[in-house]
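1. sequence and computational prediction follow.
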Amino acid sequence: MSTLRIDGCTVAFGGLRAIDNVTLDIAGGAITALIGPNGSGKSTFVNMVSGQIPPRRGRILLDGEPLNGLRPDRIVHKGLARTYQVPRVPKELTIDEVISVPLLYARSSRSLPGAARTASDLARYCGLRPHVGTPCGQLSVSDLRRLEIARALACRPQVLLLDESMAGLSLEDTEQVIGLVREIHASGVTVVVIEHVMKIIARLCSHAIVLNQGKLLAEGPPEQVLTDQDVREAYLGKGFRL
Amino acid sequence: MTKFLLSRLGLYAAIAAPSLLILAADRPFLIQVAIGTLISAILALAWDILSRTGQVSLGHAAFFGIGGYGSALLTPILGAALGWVIGILLCGVVAVLLGAVTLRLRRLYFTIATLSFSLSIQVLILVTPGITGGATGIMPPVIAGGSPPLQLLFITGCLVAAAIVSDVFLGRRFRPAFFMIRNNPDLAAASGVPVTRLKILAFAVSGMVAGLAGACYCGLYGYVIPDDVFTTNWNVLPLAVTILGGMDTTIGPVVGAIVLRLLEEAARHFVGGVGYQVVYGAVIILFIAGMPEGLVGYGRQLIRRSRRSSERAPVKASLAS
């Protein structure tokens, strides 16, 4: 079970500190929620950990091994994968072809026939059975989200960051994705879920981390964090009474 | 797998067939036209391989010229076979070095860098007359003893080789990764793809195939000046041919080269003078505006449409009855 440690990390765009001296541990083998109001730095956090926007200061450690300074594709090789909230995939490629890319290039590189087989297996695992062989241009948003999860799983991650994989999905689709995340977790992957819907977090996660204006605001079990006075103020504003 | 292999072999046979027909007809003019067409097809295939990673080059004349000059200058020293191989490898090395600097540039900036590179190579040749002959040019050894039919046969072989290279990069290992790099490089990197390294690979292969085209061209008549190879024509031609024929395919650039040449000859015949170039240019623009996916893409659309209507026909019949 892999542990991710963020140690004093700062990401700044000009004068704005999108991530401001954040230190936290993401425990191995758990499903951790990363929450916070809009603009709190959640997406920047994912971009920072995955190597897309390297931190200006601080260290990122996966099982004690530093990740910062590595290119995004090297970080994938180290065992950390992420999904994108709005995946832009080449619409002329079929879903199997998209899933085959990490199978061929990420750390578990396979032979061509092996990759083709595993790609359609992964597509089925993520509930895309009817779409095997379909060009991505014909997929719905919920299927694209599932494709993103399948693509990230094809990286064979130890730590998986899911960026709002359930945002805007129907109740039925949300339930299916929740089931899928639980299965992925049960297979031994450390999962970080970025989510807005508190009900989902309370059901799915054993630990929650709250960011606000780039700073760590609170962390702990979801039921405790969600009732925290500071967290409520960050979301709802000061002086708000229910 | 065997089915795939058969379809590829069919494609290569189809690419080679027109040349063989022209050889059988034994008309000197047609042979000259065919040779020029095939050379632009090879250059266009080179351009297309690079464009699959999202890089639009306006400087392929540089590789065309380096391949031509390299093979011509090395053949007297190393012999024909080794001279060509080293000359073409030189294009790959130049592409790797240029790519290491320019491929981190995005889109238009890369295009501008390739254009200025091709211009500076021409200047480099002009200022080093001791090695490259300068403005007076060089006298490369001719291919196949200067016999046009044999030259056509040889260049047809080169085109089939270029088509095989193009197909390798349309295979399952490279095509999805290349398209992902073009469409969304961040997603490609997040899938473990070494984006810059693959772009450099595509650039090197593209440069070498363009060098092959240049080597063929320079070996035709035994005399070449810098203005023959380092012209804007060779920079723009592969782009026009590929867009006309259809991008991301092997057959597209070949079809594009043939159709473009037919258009040019037709315009020259019916309009004549210098005015033919205006008509020829206008027709190219009309074609591209009407068929944004190129001739091959348009053909595929027609096939799809006719299939769909033939599927619908029985339904209509059963509804009517």
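-> Right, received. Where do you want to start?

2. what does chain A put close to chain B?
-> With C-beta under 8 Å from any C-beta of the partner chain as the criterion, chain A meets chain B at residues A:50-52, A:71-73, A:76-77, A:81-82, A:84, A:87-90, A:92-93, A:97-98, A:100-102, A:104-107, A:112, A:115-116, A:151-152, A:154-155. From N, CA and C alone the C-beta is placed, and that goes for glycine too.

3. tell me how far the host helix or strand of B:Leu115 lies from the chain's centre.
-> Using DSSP states H and E, B:Leu115 sits within helix B:107-126. Centroid separation for helix B:107-126 versus its chain: 18 Å, with C-alpha atoms, centre = their mean, to the nearest Å.

4. got it, and stretch B:232-239?
-> Relative to the mean C-alpha coordinate of its chain, stretch B:232-239 is positioned 10 Å out (C-alpha atoms, centre = their mean).

5. okay, it in CSV with CA atoms only?
-> Output in CSV follows, covering the C-alpha atoms of stretch B:232-239 (Å, rounded to 0.1, in the frame of the first residue of the first chain):
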residue,chain,number,x,y,z
THR,B,232,9.8,27.3,-51.1
ASN,B,233,8.2,25.0,-53.6
TRP,B,234,9.6,21.9,-51.8
ASN,B,235,8.5,23.4,-48.5
VAL,B,236,4.9,24.0,-49.5
LEU,B,237,4.4,21.1,-52.0
PRO,B,238,4.2,18.3,-49.4
LEU,B,239,1.7,20.2,-47.4
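
6. how about the longest helix seen in chain A: buried residues?
-> Ranked by residue count under DSSP state H, the longest helix found in chain A is helix A:171-186. The neighbour-count check on helix A:171-186 (16 or more other C-beta atoms under 10 Å in any protein chain shown) flags A:173-174, A:176-178, A:180-181, A:184-185 as buried.

7. and for stretch B:161-180?
-> For stretch B:161-180, by 16+ other C-beta under 10 Å, it's B:162-163, B:165-167, B:169-170, B:172, B:174-180.

8. just stretch A:84-103 next, same as before
-> Along stretch A:84-103, the positions that meet the burial threshold by neighbour count (16+ other C-beta under 10 Å) are A:84-85, A:87, A:89-90, A:93-103.

9. which one of these is nearest to A:Leu16?
-> Nearest to A:Leu16, judged by C-beta to C-beta, of these is A:Gln85 at 20.7 Å.

10. re the thing from before, which of the buried residues of stretch B:161-180 fall in helices?
-> Among the buried residues of stretch B:161-180, the members falling in helices (DSSP H) are B:162-163, B:165-167, B:175-180.

11. let me have those residues in JSON lines, extended by distance to chain A.
-> Written out in JSON lines, the entries for those read as follows (distance: C-beta to the nearest C-beta, whole Å):
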{"residue": "B:Ala162", "distance to chain A": "23"}
{"residue": "B:Ala163", "distance to chain A": "21"}
{"residue": "B:Val165", "distance to chain A": "18"}
{"residue": "B:Ser166", "distance to chain A": "17"}
{"residue": "B:Asp167", "distance to chain A": "14"}
{"residue": "B:Arg175", "distance to chain A": "7"}
{"residue": "B:Pro176", "distance to chain A": "4"}
{"residue": "B:Ala177", "distance to chain A": "5"}
{"residue": "B:Phe178", "distance to chain A": "9"}
{"residue": "B:Phe179", "distance to chain A": "4"}
{"residue": "B:Met180", "distance to chain A": "6"}
